[in-house]
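Peer 1: What would the 3D arrangement of this be:
(chains A and B)
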Amino acid sequence: MSHSETRTTCGRRGFLKVAVVAGAGVAVLPGLVRGQAPSVKVGVIHPVTGPLAEPGQACRLGAQMAADAINASGGVRALGGAKLELVLGDTQSKPDVGRTEAERVINQGAQLLMGSFDSGSTAAMVPVAQQRRVPFLVDIAAADPITANVAKAVKDGQQKVQYVYRNFPTGSSFGKKAVLYFSEIFKEAGVSPKRVVLMYCNDLFGQNNAKGFQAAHAAAKPSWEIVDVIPWPEPPQDLSTEVSRAKAAKPDVIAPITRPASAQILLPEIRKQRVDIMGVVGPGSPGLYEAGQIAVLKEDLEYVLASIPWANFKLPRTQQVAEEYQKRSAGKTFDTNSGYSYDGMLLITDFLERAKSTDPDAIVAAMKKTNYTNGLMQYGGPIVFNEIGDNPNAITTMIQILGQKPVAVWPKEAAVQKFVFPRPKA
Amino acid sequence: MATPFDNPTLVLQSLLSGLLFGGVYSLMAVGLTLIFGVMRVVNFAHGDMMVWGMYLAWMLATRLGIDPYLGFVCCAAALFVLGLVVQRSLVDRILDAPHEMQILLMLGVALVLENAALVAFGPDPRRVRSSLGASTLWLGPVFVDVPRLVTFLVAMGLTLALYFFLTRTDLGRSMRAAADNPYGALVIGTDVRRVYAIAFGIGAACVGAAGALVSPILPFQPAGGLALAVTSFNIVIIGGMGSLPGAFLGGLLVSVAESLGAVFLSPSMKELVSFSLLVLILLVRPAGLFGKTVA
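Peer 2: So this is what the prediction gives:
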């Protein structure tokens, strides 16, 4: 009897124990089966092949490193530690491919989009993001219409919600800062160059930035003049005539808006033709600071100034990431491209933390209220988005190649070294 | 408003720069026109073969310290072998196929070459540093870029050598025979398959040499092939498809036209000038400047 009682008692207690354990198991198991928490798929699209492959691959590596760091530190906490899963895309440096890649990554489940370096491809991705209601963070692309057109469509009632936001200086803000820095540096150096020749690559990015620079110059009315404007088809096969034309304008300063390949033709040509100038000062473009460019152009890049978005190397965290980036990229500098893509991924995590959901409209609501201060780049304030969807605090820094290294030289609060202008005579 | 005529130095400099850079264009086009002239196959992988010539020159310069102005011979030899292999293994199979199939095959070869370069060398634009790279000669107010002058002279030399090879040697004559009438050449005992393979190899060698010679002038990256192929194709049509003198002079003409276009119009419209030239030639003389009209 006692045996039987014991069995009965044990059976009841045992049942309760099993029930409790099973109940807990039912609650926990799905999570275990799904790998702790569902992941959030982020479509990350850059030009990793084609003429823009070099900066495109830098962007991709920056995004991957940020995602790795976020996942290693617990993922998106508000979503139960959900990991960021990157769905990678390649625009092949072609705008039409940018659009089809955006469609592909969304079809593969991307819940957010980030990209895409090149203004043309980015502009082609925008309608896809709007149609498919996928929040799209533009990590790099300067052409103003990318966000402005969507903001206008929403304002005019043609579209309900703006899904496209940008954390990068626009072409017009590049221009304003460049004109300001030019004037400030000339004044600080105690020189007064009068004649500036603007040269630019004639693609969407180059046109937009050249236009921004000219408009800012017209508005600011500084003491120097833009005496000639010389565009070239990108990529160029020869720039000797363009440089001859610039030389004929008797410039004090050449202000080039380049791409990596065109910078490699332009700068040696300026030296060969012995254009007598105080310096080359870029209003903002790739090609004038990357490690690969310095390795090829060597002394032709020395003393070149460029007003570009730049990493805040005064932050210890930026230095750490830059060191890791150097290891993972076989010796490249953590710069504009890798840096803004890195910050893009940090921002996406911030949106998700605050949205507490992957619902597109909840994410957009969080994007609009962004006030983020943990970015690695040099900003003029917290990352916020204005009514157009741009971050007005995404600013440029004047950097200069000194001792074959790019260093921040202006404005004073960002400078880590004093600039050299005019450049020493050869 | 000042016009370019107010600045004769600028016009003269552009003319000279255009003429010398034309040497690069000519070298690019000579190989393409040879392959087309002999086999009637348009080598759309031409630009990518040139890019490989550039990378080989870069490897020779960085690993072995060989200046591209000497290393171009090795690059030409390597590309000759590549051309031979591509012809024997691929092109030979589609010689009688419709043109669109030939184009697709060559575009496929171009894609493989481009992406192989991307995997092997990465995406960064590169440029070979040469001892001559920075040399200039000054003739009063205008300057002569020595690398371009050398390229121009080598292009002229190679075109002449190729011309004499085709007209004065047995193998060259066999090539012309195979080009004129492959069946007839076969009947008189010419090994047409061998001749085709050698012609393709020589065409590739020309572009390999061109690549090496321009590697100190033009930066290159894996994706640069298509633009080079399109420029070469444009020049070959203007000069007359299959004509060596046509390719050489076409190269000079296109380059000078682009250079002057950059002075008299906007520089970003200079490609418009060269393609307008193409349209004009097709309207006025569809066979090209030196092309033979097919009856």
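
Peer 1: contacts, neighbours, all on C-alpha from now
Peer 2: OK.

Peer 1: which bits of the stretch 1-150 of chain B sit near chain A?
Peer 2: Contact residues (CA under 8 Å from any CA of the partner chain) of the stretch 1-150 of chain B with chain A: B:7, B:10, B:13-14, B:17-18, B:21, B:118, B:122-129, B:134-136, B:143, B:145.

Peer 1: Kindly write the ChimeraX command that selects the buried subset of the residues you listed.
Peer 2: To isolate the buried ones among those in ChimeraX, judged by 16 or more other CA atoms under 10 Å in any protein chain shown, type:
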select /B:10,13,14,17,18,21,118,122,123,124,125,126,127,128,129,134,136,143,145
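
Peer 1: Identify those among the residues of the stretch 1-150 of chain B next to chain A that sit within strands.
Peer 2: If you go by DSSP state E, those have B:136, B:143, B:145 in strands.

Peer 1: Which one of those residues is nearest to residue A:99?
Peer 2: Set against residue A:99, the nearest of those by CA to CA is residue B:145 (42.9 Å).

Peer 1: and that closest one, what is it in contact with?
Peer 2: By CA atoms under 8 Å, 6 or more residues apart in numbering or on different chains, the contact list for residue B:145 reads A:272, B:17, B:135-137.

Peer 1: how does it look with 6 Å?
Peer 2: By CA atoms under 6 Å, 6 or more residues apart in numbering or on different chains, the contact list for residue B:145 reads residue B:136.

Peer 1: Tell me, how many residues neighbour the closest residue in space to residue A:122 that isn't next to it in sequence?
Peer 2: Using CA to CA, 6 or more residues apart in numbering or on different chains and skipping the chain neighbours, the partner closest in space to residue A:122 is residue A:116 (5.4 Å). Neighbour count of residue A:116, defined by other CA atoms under 10 Å in any protein chain shown: 32.

Peer 1: just residue A:218 next, same as before
Peer 2: Residues lying near residue A:218 (other CA under 10 Å) number 13.

Peer 1: so which strand or helix has it?
Peer 2: If you go by DSSP states H and E, residue A:218 is part of helix A:204-220.

Peer 1: Past that helix, which element shows up next along the chain?
Peer 2: Helix A:204-220 is succeeded, C-terminally, by strand A:225-232 (DSSP H and E).

Peer 1: what lines up beside that following strand in the sheet?
Peer 2: strand A:195-201 (parallel) (DSSP bridges).

Peer 1: what does the strand it pairs with rub up against?
Peer 2: Contacts of strand A:195-201 (CA under 6 Å, 6+ apart): A:206, A:224-232, A:234, A:251-258.

Peer 1: Check the offset of it from the chain's centre.
Peer 2: 24 Å (CA atoms, centre = their mean, to the nearest Å).

Peer 1: again with stretch A:238-248
Peer 2: 31 Å.

Peer 1: so does it get close to chain B?
Peer 2: Yes: on the criterion CA under 6 Å from any CA of the partner chain, stretch A:238-248 is in touch with chain B at residue A:241.

Peer 1: Show residues contacting that stretch.
Peer 2: A:275, B:14, B:259.

Peer 1: what comes up buried for stretch A:278-294?
Peer 2: The neighbour-count check on stretch A:278-294 (16+ other CA under 10 Å) flags A:278-294 as buried.

Peer 1: Same check on stretch A:60-69?
Peer 2: Under the neighbour-count criterion of 16+ other CA under 10 Å, stretch A:60-69 has A:60-67 buried.

Peer 1: now the strands: where do they sit in chain A?
Peer 2: Under DSSP E, chain A gives strands at A:40-46, A:84-90, A:112-115, A:136-138, A:164-166, A:195-201, A:225-232, A:253-257, A:279-282, A:305-308, A:397-402, A:405-410.

Peer 1: Need the ones you listed in CSV (columns: mean pLDDT).
Peer 2: Below are the strands of chain A laid out as CSV (pLDDT from 0 to 100):
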stretch, mean pLDDT
strand A:40-46, 97
strand A:84-90, 96
strand A:112-115, 96
strand A:136-138, 98
strand A:164-166, 97
strand A:195-201, 96
strand A:225-232, 94
strand A:253-257, 97
strand A:279-282, 96
strand A:305-308, 96
strand A:397-402, 96
strand A:405-410, 92
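
Peer 1: Take the ones you listed and write them to JSON lines, including distance to residue B:97.
Peer 2: Converted to JSON lines, the strands of chain A look like this (distance: least, CA to CA, whole Å):
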{"stretch": "strand A:40-46", "distance to residue B:97": "38"}
{"stretch": "strand A:84-90", "distance to residue B:97": "34"}
{"stretch": "strand A:112-115", "distance to residue B:97": "43"}
{"stretch": "strand A:136-138", "distance to residue B:97": "47"}
{"stretch": "strand A:164-166", "distance to residue B:97": "49"}
{"stretch": "strand A:195-201", "distance to residue B:97": "41"}
{"stretch": "strand A:225-232", "distance to residue B:97": "40"}
{"stretch": "strand A:253-257", "distance to residue B:97": "47"}
{"stretch": "strand A:279-282", "distance to residue B:97": "52"}
{"stretch": "strand A:305-308", "distance to residue B:97": "53"}
{"stretch": "strand A:397-402", "distance to residue B:97": "55"}
{"stretch": "strand A:405-410", "distance to residue B:97": "55"}
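
Peer 1: who wins for proximity to residue A:332 among those?
Peer 2: Going by CA to CA, the one of the strands of chain A nearest residue A:332 is strand A:405-410, 11.3 Å.

Peer 1: Quick one: residues in contact with that closest one.
Peer 2: By CA under 6 Å, 6+ apart, strand A:405-410 touches A:289, A:398-400, A:415-419.

Peer 1: Okay, now the unreliable bits of the stretch 51-200 of chain A?
Peer 2: Scanning the stretch 51-200 of chain A for pLDDT under 70 picks out no residues.

Peer 1: residues in it within reach of chain B, list them.
Peer 2: A:51, A:53-54.

Peer 1: and which of those is nearest residue A:85?
Peer 2: Nearest to residue A:85 among these, with distances taken as CA to CA, is residue A:53, at 22.3 Å.

Peer 1: how many other residues sit next to the closest one?
Peer 2: Neighbour tally, residue A:53, other CA under 10 Å: 25.

Peer 1: List the buried residues in the helix ranked longest in chain B.
Peer 2: Counting residues, the longest helix found in chain B (DSSP state H) is helix B:8-39. By neighbour count on 16+ other CA under 10 Å, the buried set for helix B:8-39 is B:9-11, B:13-39.

Peer 1: ditto for stretch A:71-82
Peer 2: For stretch A:71-82, by 16+ other CA under 10 Å, it's A:71, A:75-77, A:79, A:81-82.

Peer 1: Distance of residue A:171 relative to residue B:193?
Peer 2: In this view, residue A:171 and residue B:193 are 57 Å apart by CA to CA, to the nearest Å.

Peer 1: neighbour-wise, which of the two wins?
Peer 2: Each of residue A:171 and residue B:193 has its neighbours counted (other CA under 10 Å); residue A:171 has more, 23 against 15.
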